[in-house]
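Trainee: What follows is a protein structure lacking sequence information:
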């Protein structure tokens, strides 16, 4: 009786679900026939005929849409990886300042965290782009003998150039994510029992040595999962690149939809590219996690 | 006097305990005073606040017809008063019981005041804007995504394999894609999935897209709550003779919601901030108003003033929401202690 009931319940919901899907797909096909679009992917190999300001691999507007999408994916990966590193660095600094003994540093970092977390990322990105780079007085902020230049053209470090779009995105994403990472790190450090501090002090270890060899190894297992989810958020947030005109995977999809009207295909492409990015990030973090666990085992 | 000495000692202990600490403290005190000085100088002397002061109604109501602006204004004032009553009002039982109902009731009230009809002149949703629209998007999407999230979480926890797989698939896919993609394709694709002749306006398309997105995150938060309820509770309920639906309704959902409450309030604060994404997708909400004002030749180039002002508004509303959330959590634990 009970198993029958369960089966019927399940069947009912599944029928309801697929019924709904069926109706939606029916509507979709009617609408696609009406607009004369249909679904196919052959347009991917036609020339894209739009230019990209930034491309890590050679690209010209006569290349195919598929190649443009791949370039966009690489652009995304580039900004994600670099902001990930910068955000981790900043986050560690702020997180330790927040938990450290110096109460002034604690107050400053707490203020930093609340201000960053309570304002929208999009607003911050626009601020960095329009005020931080495009709005520079005399167009130059720092100019040290052609070695390090910050201007409205972006950042230049002895010949190595970063565009202003990329720099604004990098700065905005890193600062935003660092506030969240700081909280993750603070949570990890606080999860180590107070007795451990007293223990290494009574053993006569210095503060630095105790922190590095006693506290951090114990905090890491609590930090890594939080860090992974912040990295995944960072990857998703990098799509706001479109607000500052950086051609990431989402911005290129947007351009292609405006050109060709192929919304559904582009949605599927975007979905797959993000599944790929997510897999890449979560698998690398899994490997790091395993290395940490192993290193603790053999110590 | 003793207090001053105590403070002084504390300051010395935390800031100047040893040499390196003292150096760090001194450097930071210097930097902070420089930053503060420059900021104050800019705020008072250099900044030109006419771009804010002359456009206040725009920030609040967008392009809502000027002689009907009292409608969104009433709504925002009611929300504000309700927040104050919730936080500082007396703890009478009848008041507290009706507060939740009044909070939920503000949403249909807001929709009525904005849409009009029944005695008020009707106003199309394309005239809505500013802070009103931002709050409306947040409120409607939160209210809709909570039940959807609960259902998804229950399905993901259920022992029925097909339902469990379907719900897991939905949640995982939604959590893998960026919000802006969901919103953009919501604007593009929702009309494609509807039968010919039925149209949904931009605001509702945005609300549906937000709901679809946020409910996946809410589902995961509630699942965390569900998982932390000990199995013995379900066994106890079974032995009391409660059926499956009674267990879900009386045992699981109330406890899961209480445990997930901090995460849920964080979601709605995040949602409030994320409504700003609609600014690049064609709605004139708070950030959208800022963008359109900056595009006005009269105020061209006054980015800092507008962005600082918008940041203050977002920060303030977020803080109010966070304070309300903490109040709710405290009341929940008090109620639990009374049981």
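Mentor: Nice, I can see it. None of these values were measured; they are calculated from a predicted model. Numbers count the residues shown, from 1 in each chain, chains lettered A, B, ... in the order given.
Trainee: Every contact and neighbour count from this point should use C-alpha atoms.
Mentor: Will do.
Trainee: All the strands of the stretch 51-200 of chain A, residue numbers only.
Mentor: In the stretch 51-200 of chain A, the segments counted as strands under DSSP state E, counting those that start in this stretch are A:140-144, A:148-151, A:154-157, A:160-162.
Trainee: among these, which is the most enclosed?
Mentor: Highest mean neighbour count of the strands of the stretch 51-200 of chain A: strand A:148-151, a mean of 20 (counted as mean count of other Cα atoms under 10 Å in any protein chain shown).
Trainee: Hmm, residue B:136 and residue B:285 touching each other?
Mentor: No - counting by Cα atoms under 8 Å, residue B:285 stays clear of residue B:136, with 9.8 Å between them.
Trainee: Looking at those two, which is more packed in?
Mentor: Each of residue B:285 and residue B:136 has its neighbours counted (other Cα atoms under 10 Å in any protein chain shown); residue B:285 has more, 29 against 24.
Trainee: Let me have the strands of the stretch 51-200 of chain A in a markdown table, extended by distance to residue B:328.
Mentor: Below are these laid out as a markdown table (distance: least, Cα to Cα, whole Å):
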| stretch | distance to residue B:328 |
| --- | --- |
| strand A:140-144 | 47 |
| strand A:148-151 | 47 |
| strand A:154-157 | 46 |
| strand A:160-162 | 47 |
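Trainee: Residue B:44 is nearest to which of the ones you listed?
Mentor: Of all those, the one in closest proximity to residue B:44, counting by Cα to Cα, is strand A:140-144 (23.2 Å).
Trainee: avg pLDDT for the closest one?
Mentor: Computed over strand A:140-144, the mean pLDDT rounds to 73.
Trainee: mind checking how far residue B:242 is from chain A?
Mentor: Taking Cα to the nearest Cα, to the nearest Å as the measure, residue B:242 and chain A are separated by 14 Å.
Trainee: I meant to write residue B:209 there.
Mentor: 14 Å.
Trainee: And residue B:143, by the same measure?
Mentor: In terms of Cα to the nearest Cα, residue B:143 sits 21 Å off from chain A.
Trainee: and the strand or helix carrying that residue, what does it pack onto?
Mentor: Element membership for residue B:143, per DSSP states H and E: helix B:130-157. Secondary-structure packing of helix B:130-157 (3 or more Cα pairs under 8 Å, 6 or more residues apart in numbering or on different chains; DSSP states H and E): helix B:56-61, helix B:93-115, helix B:161-176, helix B:202-227, helix B:253-274, helix B:286-295.
Trainee: per-stretch mean pLDDT over the ones you listed, give me the minimum one.
Mentor: When I compare these, helix B:93-115 is least confident, with a mean of 85.
Trainee: If you count contacts, what does it end up packed against?
Mentor: Secondary elements touching helix B:93-115 (3+ Cα pairs under 8 Å, 6+ apart): helix B:70-88, helix B:130-157.
Trainee: Need the single longest helix in chain B, by residues.
Mentor: With secondary structure taken from DSSP state H, chain B has its longest helix at helix B:303-338.
Trainee: Partner strands of the lowest-mean-pLDDT helix or strand in chain A, with direction?
Mentor: Taking mean pLDDT, DSSP states H and E as the measure, chain A has strand A:140-144 as its least confident helix or strand, at a mean of 73. When pairs are called by DSSP bridges, strand A:140-144 turns out to pair with strand A:148-151 (antiparallel).
Trainee: and the strand it pairs with, what's its mean pLDDT?
Mentor: Mean pLDDT, strand A:148-151: 80.
Trainee: interface residues of chain B facing chain A?
Mentor: By Cα under 8 Å from any Cα of the partner chain, the part of chain B that sits against chain A consists of B:14-15, B:21, B:25, B:28, B:160, B:162-163, B:176-181, B:185, B:188-189, B:192-196, B:273-274, B:276-277, B:280, B:287, B:301, B:303-304, B:307, B:311, B:314-315, B:318-319.
Trainee: Whichever of those residues end up buried, select them in ChimeraX.
Mentor: The ChimeraX command for the buried members of the residues of chain B next to chain A (criterion: 16 or more other Cα atoms under 10 Å in any protein chain shown) is given here:
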select /B:14,15,25,162,163,176,177,178,179,180,181,185,188,189,192,193,194,273,274,276,277,280,287,301,303,304,307,311,314,315,318
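Trainee: Tell me who's in contact with residue B:196.
Mentor: Counting by Cα atoms under 8 Å, 6 or more residues apart in numbering or on different chains, residue B:196 makes contact with A:27, A:31.
Trainee: Double-check that it belongs to a helix.
Mentor: No - judged by DSSP: H, G, I helix; E, B strand; the rest coil, residue B:196 forms no part of a helix; its state is coil.
Trainee: So which residues of the stretch 151-299 of chain A form helices?
Mentor: A:164-190, A:194-202, A:207-210, A:216-237, A:249-260, A:263-298 (DSSP state H, counting those that start in this stretch).
Trainee: could you redo the helices and strands packed on helix B:93-115 as a markdown table and give each row distance to residue A:199 and mean pLDDT?
Mentor: A markdown table is the format used below for those (distance: least, Cα to Cα, whole Å; pLDDT from 0 to 100):
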| stretch | distance to residue A:199 | mean pLDDT |
| --- | --- | --- |
| helix B:70-88 | 43 | 89 |
| helix B:130-157 | 43 | 93 |
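Trainee: Pick the most buried one from those helices.
Mentor: Highest mean neighbour count among these (mean count of other Cα under 10 Å): helix B:130-157, a mean of 22.
Trainee: Check whether residue A:97 really touches residue A:105, as I assumed.
Mentor: Yes - assessed by Cα under 8 Å, residue A:97 is found in contact with residue A:105 at 5.5 Å.
Trainee: What helix or strand is residue B:28 located in?
Mentor: Using DSSP H and E, residue B:28 sits in helix B:19-41.
Trainee: contact partners of that helix?
Mentor: Contact with helix B:19-41 is made by A:102, A:104-105, B:15-16, as judged by Cα under 8 Å, 6+ apart.
Trainee: 10 Å - rerun?
Mentor: For helix B:19-41, the external contacting residues (Cα atoms under 10 Å, 6 or more residues apart in numbering or on different chains) are A:101-105, A:108, B:12, B:14-16, B:42-43, B:45-47.
Trainee: Point out where the stretch 1-150 of chain A drops to low pLDDT.
Mentor: Applying pLDDT under 70 to the stretch 1-150 of chain A flags residues A:1-3, A:137-139.
Trainee: rewinding a little: list the residues that contact both of residue B:285 and residue B:136?
Mentor: Shared contacts of residue B:285 and residue B:136, defined by Cα under 10 Å, 6+ apart, are found at B:128-129, B:275.
Trainee: In CSV: these, plus pLDDT.
Mentor: Shown next, in CSV, are those (pLDDT from 0 to 100):
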residue, pLDDT
B:128, 89
B:129, 88
B:275, 94
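Trainee: Identify, from the residues you listed, the entry nearest to residue A:85.
Mentor: Checking the shared contacts of residue B:285 and residue B:136 against residue A:85 with Cα to Cα, the nearest one is residue B:275 at 27.8 Å.
Trainee: pretty sure that closest one contacts residue B:130?
Mentor: No - if you go by Cα atoms under 10 Å, residue B:275 and residue B:130 don't touch, sitting 11.2 Å apart.
Trainee: got any residues that touch both of these two?
Mentor: What both residue B:275 and residue B:130 touch, as defined by Cα under 10 Å, 6+ apart, is the set B:283, B:285-287.
Trainee: and of those residues, the nearest to chain A?
Mentor: Ranked by distance to chain A (Cα to the nearest Cα), those are led by residue B:287 at 7.4 Å.
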